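S.K.: need a 3D model of the following:
(chains A and B)
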There are 2 protein chains.
Amino acid sequence: MKTIIGLDIGGTKILGVLYDESGKKIAESKKKTKASEGISTVMDQVYKVLDDLIEKADDSLLGIGAGVPGLVSEKGVVTFSPNIPFKDFDLKGQIGKRYKVPVAVGNDVNVAVFGEYKYAGLEKVKHVIGLFIGTGVGGAIIIDGKLYTGQGSAGELGHMVVNASGAYCGCGSQGCLEAYASKTAMQNHIVSQLQKGRSSLMKDFSQTDGSVIKSSTIQKAYEAKDALAVEVVSYSAKYVGIALGSLINIFHPELVILSGGVIESMGKAMMPIIQQEASRHTMPGLLESVTFKSSKLGDEAGVYGAYQLIKTQLKL
Amino acid sequence: MKTIIGLDIGGTKILGVLYDESGKKIAESKKKTKASEGISTVMDQVYKVLDDLIEKADDSLLGIGAGVPGLVSEKGVVTFSPNIPFKDFDLKGQIGKRYKVPVAVGNDVNVAVFGEYKYAGLEKVKHVIGLFIGTGVGGAIIIDGKLYTGQGSAGELGHMVVNASGAYCGCGSQGCLEAYASKTAMQNHIVSQLQKGRSSLMKDFSQTDGSVIKSSTIQKAYEAKDALAVEVVSYSAKYVGIALGSLINIFHPELVILSGGVIESMGKAMMPIIQQEASRHTMPGLLESVTFKSSKLGDEAGVYGAYQLIKTQLKL
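M.R.: The predicted structure is shown next:
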């Protein structure tokens, strides 16, 4: 039996899974990222997860795939990450040097969407756009069945400008989709309304400890027809729909995959608005040929996609 | 000697060129499109151009490539065109049936940008975005050295939403780049200002006959530092830059090719503004690795791209 490791390096935790060649899960390991303790601590945590799994792999390991939240160059260097202190860090080289196996590194959302695509077994579908609506908004582009990364960092769909003179975004730009549709944007909207005294079932939410509101909190309020929750969810959905309209005009893909915490909790409520806005913003006849799907793998998309990434690179 | 025909079917004229296999021009033919007289007249005009050229080709013709202003399906059916009465018209099938040679049909801007790319001989450059700023705004996407068309109609970059609650666009959508940066948008801007009595060197322009202002008219006023011309050119450039910022975040391409009448006349003046806005809207580190080029072929890009399109399809 030959094995492959998929690794999902997140802002708070690192998840690794040892798979066999058919994609069957053999073992799992999870550690805290400890991002605030600096890059060498983060790498120690990564190595602990990998050591755990490799112990169970014996000599059977064919390769390691990894997804990270940030910009990754064609050579597997993490040039920038908003949540982990990677800065021009040769993650692929470091892991490869230590474990002496082929390594593939990609952006976490790119990798997760590739996982969803491979898991769905859609061999006939060649062109796919993935949009991840969570704390931030990420994206992925699959062209001719392969993850498209351009010079390395393509697929930053959360940073398409949807409103040129609009809200400033955490990335330093203005009017980005992320500044309108992410959970962080929803939270800013909620907090601003609560601060001016508007009543809401979400009024007990406090961000004083720096935490981000849970999707489930918004979801519960939405289901109870809380006016502020309905407003916030509709607003996010509207901008997701506008961005998808643009993306369909740009890519004319066969499939759009929506994922992330916001979609997992509130995708059903958002979908009619998303569809309506996408319809308003696509060229005549394009939308009808595009299928929309939601994520099937949830939190496992990252590790599974990382496994598929290195497997594809090894031509297995 | 073997020959190939490149055909550029425009809203007002049809241009055809007979090339040899090395891309050398052997003969040229031009006719009016006569779009207002209906589709069968348009096709008669297309056949006249082709018959002219084929007479000179004897039995040497390998194939015909064509660019048309509109949405083209993967099978070469023109599903929709704003300027020519093509509606679900099997252009590839009709030409192929009549001339018994392989035919390739693409969107005019897609084809023209592919022509620019091939003409520049940039074999090492794999991922390219083309933006055409003329009466309308069109686009093209080259991935792995090949024209990317998705399910057929990809690359409608003029219909990216840059301002969600903004200006309505001729396509029926709202806030499209075309509604901000095209020559038509510039003209609307100029006319509205002239109507309220603002003075300008362009004050003699009249649109009462339905014509669109010439790029050279705006250019002359711009060069004479006419305040309205400066305003209008800056406004267009700003939105081109914003859209390119988004496109670089989406594609992380190696090269951006700018073309069209507005760029040919005023590209030099617009470029600093385009670069500045693109810089404001790209993720850290991406813009530095992207090269900007202007069109080299001008009006010949369409026929030359059509020639390259069928040549590539024939694997020559």
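
S.K.: could you use CA atoms for every contact and neighbour count after this?
M.R.: Fine.

S.K.: the stretch 1-150 of chain A: helices as residue ranges?
M.R.: Using DSSP state H, counting those that start in this stretch, the helices found in the stretch 1-150 of chain A span residues A:39-57, A:91-99, A:108-119.

S.K.: got the contact list for residue A:257?
M.R.: Residue A:257 is in contact with A:113, A:128, A:129, A:130, A:131, A:292, A:293, A:294, A:295, counting by Cα atoms under 8 Å, 6 or more residues apart in numbering or on different chains.

S.K.: if you could redo that for residue A:84, that was the one I meant.
M.R.: Residue A:84 makes contacts with A:11, A:35, A:36, A:39, A:69, as judged by Cα under 8 Å, 6+ apart.

S.K.: now the first one: phi and psi?
M.R.: Which is residue A:11. The phi and psi values for residue A:11, taken as degrees, to the nearest 10, are phi -70, psi -30.

S.K.: quick check: which element contains the closest residue to residue A:216 other than its chain neighbours?
M.R.: Leaving aside its sequence neighbours, residue A:216 sits nearest to residue A:265 (Cα to Cα, 6 or more residues apart in numbering or on different chains; 6.3 Å). Take DSSP states H and E as the rule and residue A:265 turns out to sit in helix A:261-281.

S.K.: and what of residue A:285?
M.R.: Using DSSP H and E, no helix or strand contains residue A:285.

S.K.: that one and chain B: what is the separation?
M.R.: Applying Cα to the nearest Cα, to the nearest Å, the value for residue A:285 to chain B is 8 Å.

S.K.: neighbours around residue A:123, how many?
M.R.: Residue A:123 has 10 neighbouring residues, counting by other Cα atoms under 10 Å in any protein chain shown.

S.K.: should've said residue A:296
M.R.: Other residues near residue A:296 come to 17 when the count uses other Cα under 10 Å.

S.K.: who's in contact with it?
M.R.: Residues near residue A:296 by Cα under 8 Å, 6+ apart: residue A:116.

S.K.: give me the phi and psi for it.
M.R.: Taking degrees, to the nearest 10, you get phi -100, psi -30 for the backbone angles of residue A:296.

S.K.: over to the one 4 residues further on?
M.R.: Here the main-chain torsion angles of residue A:300 (degrees, to the nearest 10) amount to phi -80, psi -10.

S.K.: residue A:155 now?
M.R.: As for residue A:155, its main-chain torsions (degrees, to the nearest 10) stand at phi 90, psi 10.

S.K.: these two touch, right, it and residue B:250?
M.R.: Yes - counting by Cα atoms under 8 Å, residue A:155 does reach residue B:250; the two are 4.7 Å apart.

S.K.: quick check, nearest of the contacts of residue A:257 to residue B:148?
M.R.: Lowest distance from residue B:148 to the contacts of residue A:257 (Cα to Cα) belongs to residue A:128, with 13.0 Å.

S.K.: wait, the closest one sits on residue A:253?
M.R.: Yes - counting by Cα under 8 Å, residue A:128 touches residue A:253, with 5.4 Å between them.

S.K.: which residues of the stretch 151-300 of chain A lie near chain B?
M.R.: Residues of the stretch 151-300 of chain A lying near chain B by Cα under 8 Å from any Cα of the partner chain: A:151-157, A:159-165, A:171-174, A:242-243, A:245-254, A:280-284, A:286.

S.K.: and residue A:143, what are its bridge partners?
M.R.: residue A:146 (DSSP bridges).

S.K.: near it, how many other residues are there?
M.R.: 19.

S.K.: can you name the residues of the stretch 1-150 of chain A that neighbour chain B?
M.R.: Residues of the stretch 1-150 of chain A lying near chain B (Cα under 8 Å from any Cα): A:80, A:127, A:149, A:150.

S.K.: residues in contact with the last one?
M.R.: For residue A:150, the contact set (Cα under 8 Å, 6+ apart) comprises B:127, B:251, B:252, B:253, B:254.

S.K.: try 6 Å this time
M.R.: For residue A:150, the contact set (Cα atoms under 6 Å, 6 or more residues apart in numbering or on different chains) comprises B:251, B:252, B:253.

S.K.: where does pLDDT dip in the stretch 151-300 of chain A?
M.R.: Applying pLDDT under 70 to the stretch 151-300 of chain A picks out residues A:206-210.

S.K.: whatever helix or strand residue A:233 lives in - contacts with which helices or strands?
M.R.: In this assignment (DSSP H and E), residue A:233 forms part of helix A:227-251. With contacts taken as 3 or more Cα pairs under 6 Å, 6 or more residues apart in numbering or on different chains; DSSP states H and E, helix A:227-251 sits against helix A:215-223, helix A:261-281.

S.K.: tell me which of these is the most buried.
M.R.: Of all these, helix A:261-281 has the most neighbours on average by mean count of other Cα atoms under 10 Å in any protein chain shown, namely a mean of 20.

S.K.: what sits against the residue most central in space within chain A?
M.R.: Among the residues of chain A, the one closest to the centroid is residue A:109, at 3.1 Å (Cα atoms, centre = their mean). Contact analysis of residue A:109 by Cα under 6 Å, 6+ apart lists A:138, A:139.

S.K.: coming back round to it: turn the residues of the stretch 1-150 of chain A next to chain B into JSON lines, columns for pLDDT.
M.R.: Listed next are the residues of the stretch 1-150 of chain A next to chain B as JSON lines, based on pLDDT from 0 to 100:
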{"residue": "A:80", "pLDDT": "88"}
{"residue": "A:127", "pLDDT": "97"}
{"residue": "A:149", "pLDDT": "94"}
{"residue": "A:150", "pLDDT": "95"}
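
S.K.: and these, which is closest to residue B:30?
M.R.: Nearest to residue B:30 out of the residues of the stretch 1-150 of chain A next to chain B is residue A:127 (Cα to Cα; 37.4 Å).

S.K.: that closest one reaches residue A:253, doesn't it?
M.R.: Yes - the pair residue A:127 / residue A:253 is scored as a contact, 4.9 Å apart, by Cα atoms under 6 Å.

S.K.: neighbour count for those two, which is higher?
M.R.: The neighbour count for residue A:127 versus residue A:253, taken as other Cα under 10 Å, is higher for residue A:253 (28 against 22).

S.K.: wait, doesn't that one sit right on residue A:125?
M.R.: No - the pair residue A:253 / residue A:125 is not scored as a contact, 8.8 Å apart, by Cα under 6 Å.

S.K.: residues contacting the residue nearest to residue A:67 when sequence neighbours are not counted?
M.R.: Computed as Cα to Cα, 6+ apart, the closest residue to residue A:67 that is not its neighbour in sequence is residue A:108, at 4.2 Å. The contact partners of residue A:108, by Cα under 6 Å, 6+ apart, come to A:67, A:68, A:69.

S.K.: try it again with 7 Å
M.R.: Shown in contact with residue A:108 (Cα atoms under 7 Å, 6 or more residues apart in numbering or on different chains): A:67, A:68, A:69, A:302.

S.K.: the residues you listed: which two are farthest apart?
M.R.: Within these, two members stand farthest from each other by Cα to Cα: A:69 and A:302, at 10.6 Å.

S.K.: which one of those two has more residues nearby?
M.R.: The residue with more neighbours, out of residue A:69 and residue A:302, is residue A:302; 31 against 22, by other Cα under 10 Å.

S.K.: surely the more buried one is in a helix?
M.R.: Yes - applying DSSP: H, G, I helix; E, B strand; the rest coil, one finds residue A:302 inside a helix.

S.K.: that one and residue A:112 touch, don't they?
M.R.: Yes - with contact defined as Cα atoms under 7 Å, residue A:302 counts as touching residue A:112 (4.2 Å).

S.K.: hey, which of the helices of the stretch 1-150 of chain A is tucked in deepest?
M.R.: Of all the helices of the stretch 1-150 of chain A, as judged by average neighbours under mean count of other Cα under 10 Å, the leader is helix A:108-119 with a mean of 27.

S.K.: quick one, phi/psi of residue A:290?
M.R.: phi -110, psi 130.

S.K.: if we can go back for a sec, so which of the helices and strands packed on helix A:227-251 comes closest to residue A:76?
M.R.: The closest of the helices and strands packed on helix A:227-251 to residue A:76 is helix A:261-281. By Cα to Cα, the value is 26.9 Å.

S.K.: much appreciated, bye for now.
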